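# my questions are about this predicted structure, shown below with the sequence.
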Amino acid sequence: MSQQGDRRRHEDDWWGELYHQHTGDVGPATASDSVDDRFDSASRTVGGPPSPGAPLGAVPAAGAPWGTEPGPEPEKPTEPAPSGATFGWFSGERAPGPVPAPAPADPRSAKRPSLPRPYVPRPPVAQPPAPQPAPDADEPIVPPPADPYELADLVPDTVLDGARCGAATLRAVSSRGESARRGGEPRRDVLLMARFGSGPGALVLVALAGGVGGAGEAEAARELCEWIGGAVGRSHAQLVDDIRSGNRGALKSGLHRLTDRGLGRLRARAAELGLDPAEYTAALRCLVLPADPDCRIRVAFGVGDGGLFRLRAGVWQDLEPAEPEPDTAGGPVLGFGSATRAAAGSPPTMDLGIATPGTGPAPGPAPVPAAAPFRFRASVARPGDVLLMCGRGLAEPLRGRPELAGHLAERWAEAEPPGLAEFLADTRTRVEGYADDRTAAAVWEA
């Protein structure tokens, strides 16, 4: 039985002896119960049995313990330790004698009780200053100022877009230049990418425009892109038919007049604002791509600064000569580059809603020949070609720095076109001395 069980039995016996039914009632004690008797009983209990020869009821002296102090114990004879006895961790040694008593502990070495330390807040650690971008870093530094009443006119730092168009892959980007990023100026280039129609008859337009340094250059570029995009979208079905049939003369004539009409609207708007028409204008570049995978004709047109390049077999080709071919501004150029010339006096197939001279009044201000020459290019793409249309910010370093042209040729000569992020990084390749906005559109032919 466990100790716990034994304890319970002992408790039960004690309880039974005290409250057993056969136990008689304890009445008043027969012994005397005076103060002296109680004192003697307490003395015997505390002091132990009286020593021999001491008188009964003797009281210890003041300051002495109760009872007599026991004498010294007799010394026990020391027995020799048996052979082979061990002491502590040492074996095989005989005890030289009685084990000496341990030396008294030094009170200074006693372990003091540990007290809780008061909480003392640590002083804040000084953090190193955040690294600031270098003045010439290719990252946005100062955002352009904003008008709280014209927040819709805010222009983002970078616009990036892309799509699949028939057998081609399209990438487009417009990013703020380094000088504008450092000076907190907005991006002045404008990029518009839109698809009109659906299925094989759809048409994709990429338009980019850049100001020429005037007071309202950004507004003029945006207005020109929107107006050109609206006109092309309303006549996209006729444009697709002319591209498929290879009616190059009709395309060049109609697109030339469309460009002149857009620039004429800018001049009229400048007059309304009281600005010089030379300040409220923009350079324009447009690329028209049919969505039909069986049609590989790419049409590009525009006016002003910029460039059109083609990467074929690892070599860049400048598709815009320094001096464009002479042309009559405003009038249709029929049969230019076409296999057959259209009959004299027959209207072009494409109709952009602009009246031919002599057939009726045109709405709005009269078209005025553009100061810069009109540029037009319609070419048949080959598999593996890369067609690049860009504004002045990328066209100038591409023409002036062969190392940039070689870098992009190496990057874009791969079989797969780059992703959007890679295309952005490629077009923003830094070239010292060129810090304008970078706006471009590239087409990879499958």
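Cool, got the structure.

# going by C-alpha atoms from here, please, whenever you check contacts or count neighbours.
Fine.

# what's the burial count for the nearest residue to Glu178 once chain neighbours are set aside?
The spatial neighbour of Glu178 that comes closest, neighbours along the chain excluded (CA to CA, 6 or more residues apart in numbering), is Ala435 at 4.9 Å. Look at Ala435: counted by other CA atoms under 10 Å, it has 19 neighbours.

# is it true that Ala435 touches Gly177?
Yes: Ala435 is within contact range of Gly177, at 5.2 Å (criterion: CA atoms under 8 Å).

# returning to that earlier point: contacts only, for the residue nearest to Glu178.
Taking CA atoms under 8 Å, 6 or more residues apart in numbering as the criterion, Ala435 is in contact with 177-179, 393.

# how about the residues you listed, which pair is most distant?
Maximum pairwise distance among these (CA to CA): 11.5 Å, between Ser179 and Gly393.

# low pLDDT regions in the stretch 301-446 of the chain?
For the stretch 301-446 of the chain, the stretches with pLDDT under 70 are 321-371.

# show me the strands in it, by range?
With strands called from DSSP state E, counting those that start in this stretch, the stretch 301-446 of the chain shows them at 307-312, 315-318, 374-380, 386-390, 438-445.

# before we move on, back to that, distance check, the residue nearest to Glu178 against Arg181.
9 Å (CA to CA, to the nearest Å).

# cool, Asp153 as well?
Using CA to CA, we find Asp153 at a distance of 18 Å from Arg181.

# neighbour count winner among the two?
Neighbour comparison, Asp153 and Arg181: the larger count goes to Arg181, with 26 against 10 (by other CA under 10 Å).

# show me where the stretch 251-400 of the chain has its helices.
Here the stretch 251-400 of the chain has its helices, by DSSP state H, counting those that start in this stretch, at 392-400.

# what average pLDDT does stretch 207-218 get?
For stretch 207-218, the mean pLDDT works out to 82.

# ugh, wrong one, stretch 191-203
95.

# so which bits of that stretch are buried?
Buried residues in stretch 191-203, counted by 16 or more other CA atoms under 10 Å: 191-193, 195-196, 201-203.

# so which of these belong to strands?
The strands in this structure, assigned by DSSP state E, contain 191-193, 195-196, 203 from those.

# format the residues you listed as JSON lines; extra columns: distance to Ala231.
Putting those into JSON lines (distance: CA to CA, whole Å) gives the following:
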{"residue": "Leu191", "distance to Ala231": "16"}
{"residue": "Leu192", "distance to Ala231": "13"}
{"residue": "Met193", "distance to Ala231": "14"}
{"residue": "Arg195", "distance to Ala231": "13"}
{"residue": "Phe196", "distance to Ala231": "11"}
{"residue": "Leu203", "distance to Ala231": "13"}
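
# from these, pick the one nearest Gly162.
Of all these, Met193 has the smallest distance to Gly162: 8.7 Å, by CA to CA.

# test my guess that the closest one contacts Leu203.
No: using CA under 8 Å, Met193 and Leu203 do not qualify as a contacting pair, with a distance of 10.8 Å.

# which one of the buried residues of stretch 191-203 is nearest to Glu414?
When the buried residues of stretch 191-203 are compared against Glu414 (criterion: CA to CA), the nearest one is Met193, at 24.9 Å.

# can you get me a residue count around the closest residue in space to the closest one that isn't next to it in sequence?
Distance criterion CA to CA, 6+ apart; nearest residue to Met193, sequence neighbours excluded, is Val206 at 4.5 Å. By other CA under 10 Å, 24 other residues sit near Val206.

# measure Val206 to Gly233 for me?
12 Å.

# now Gly213
The gap separating Gly213 from Gly233 is 29 Å, by CA to CA.

# who's more crowded, those two?
Using other CA under 10 Å as the criterion, Gly213 and Gly233 rank with Gly233 on top: 20 against 14.

# please name the residues that touch the more buried one.
Per CA under 8 Å, 6+ apart, neighbours of Gly233: Phe196.

# separation between it and Ala172?
Distance of Gly233 to Ala172, computed by CA to CA: 19 Å.

# again with Asp294
If you measure Asp294 against Ala172 using CA to CA, the figure is 23 Å.

# and these two? Which one has more around it.
Taking neighbours as other CA under 10 Å, Asp294 and Ala172 compare with Ala172 leading, 27 against 11.

# do you know the pLDDT at that one?
98.

# and it, which of the three is it?
Three-state call for Ala172 (DSSP: H, G, I helix; E, B strand; the rest coil): strand.

# begin at 202 from here
Okay, residue one is now 202; in that scheme the one you just asked about reads as Ala373.

# for it, which non-adjacent residue is closest in space?
Closest residue to Ala373 apart from its sequence neighbours, by CA to CA, 6+ apart: Ala642 at 4.2 Å.

# how about Leu599?
Ala606 (5.5 Å).

# equivalent analysis for Thr628, please.
Nearest non-adjacent residue to Thr628, counting by CA to CA, 6+ apart: Arg639, 7.0 Å away.
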